[in-house]
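Chemist: Predicted structure and sequence below. I'll ask about it afterward.
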Amino acid sequence: MPDGRPAIPAELKRRVLVEAGHRCAIPTCRQHPVDIEHIDDWASVREHQFENLIALCPTCHRRKGSGPDQIDRKSLRQYKANLAVINGRYGDLERRLIALCAETLQREAPEPERKINVRLGAGSFIHLMYLIQDGYLVQINQGAQLALGNVALLESYQFTDPGIEFVRRWADAQPLDEIPSKE
């Protein structure tokens, strides 16, 4: 290791990788493989702490800095905080839909009145429960559904305006700590 720096302990490295799903922690990237990077540089802190470590792909790792088109430390801290919110609240399918919505927004930048819809297999409601409870996703009837007799095989869902705003905040490294509490 450079500068006499000790290696990051294996258990700490595993926690950081699991937190980010073994992918880059930047929501609009999510590439792999990843490096474990210190948010505040090792030269300044001289220790390995979970709160100061983040998983970044080599491209995002090179973009870390304070110049134009670089990822600053404040953004890295917010991406890390948002990982805790997303991972603590939402299941795998919900997280994948959030990422899909972010990719769609990044690619298409829809007009305010355009909605983002997804069709999933029947019974998906239980896997989307928290996005629905939080008001970020609603089930919609899109007319003719693929069905077998009277049993629908697909269900349609739509991101609500607050849901799209939530995804934008996640993708833009804005705080997500204002998730609605619905008991």
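Modeler: Cool, got the structure.
Chemist: make it CA atoms for all contacts and neighbour counts henceforth
Modeler: Noted.
Chemist: Could you identify the helix or strand that succeeds the helix or strand harbouring residue 119?
Modeler: According to DSSP states H and E, residue 119 maps onto strand 117-121. As assigned by DSSP H and E, the chain's next helix or strand after strand 117-121 is helix 129-133.
Chemist: Counting by contacts, list what that following helix packs against.
Modeler: If contacts are counted by 3 or more CA pairs under 8 Å, 6 or more residues apart in numbering; DSSP states H and E, helix 129-133 sits against no helix or strand.
Chemist: After it, which helix or strand is next? Please name it.
Modeler: Helix 129-133 is succeeded, C-terminally, by strand 137-140 (DSSP H and E).
Chemist: what mean pLDDT does that following strand have?
Modeler: On average, the pLDDT along strand 137-140 is 93.
Chemist: Name the surrounding residues that touch that strand.
Modeler: 131, 132, 155, 156, 157, 158, 159, 160, 163 (CA atoms under 8 Å, 6 or more residues apart in numbering).
Chemist: thinking in terms of the whole chain, how far from its middle is it?
Modeler: 20 Å (CA atoms, centre = their mean, to the nearest Å).
Chemist: Could you measure from residue 155 over to residue 100?
Modeler: Residue 155 is 17 Å from residue 100, where distance means CA to CA, to the nearest Å.
Chemist: what pairs with residue 155 across the strands?
Modeler: Legend: beta-bridge partners of residue 155 under DSSP bridges are residue 120.
Chemist: Neighbours of it, how many?
Modeler: As a burial measure, residue 155 scores 19 neighbours (other CA atoms under 10 Å).
Chemist: got it, and residue 35?
Modeler: So residue 35, with other CA under 10 Å, has 20 neighbours.
Chemist: Let me know the secondary structure of the residue nearest the centre of the chain.
Modeler: With the centre of the chain defined as its mean C-alpha position, the nearest residue by CA atoms, centre = their mean is residue 27, 4.9 Å away. At residue 27 the chain is in coil, as set by DSSP: H, G, I helix; E, B strand; the rest coil.
Chemist: Need phi/psi at residue 172.
Modeler: phi -100, psi 10 (degrees, to the nearest 10).
Chemist: Could I get the pLDDT score of residue 64?
Modeler: With respect to pLDDT, residue 64 has a value of 93.
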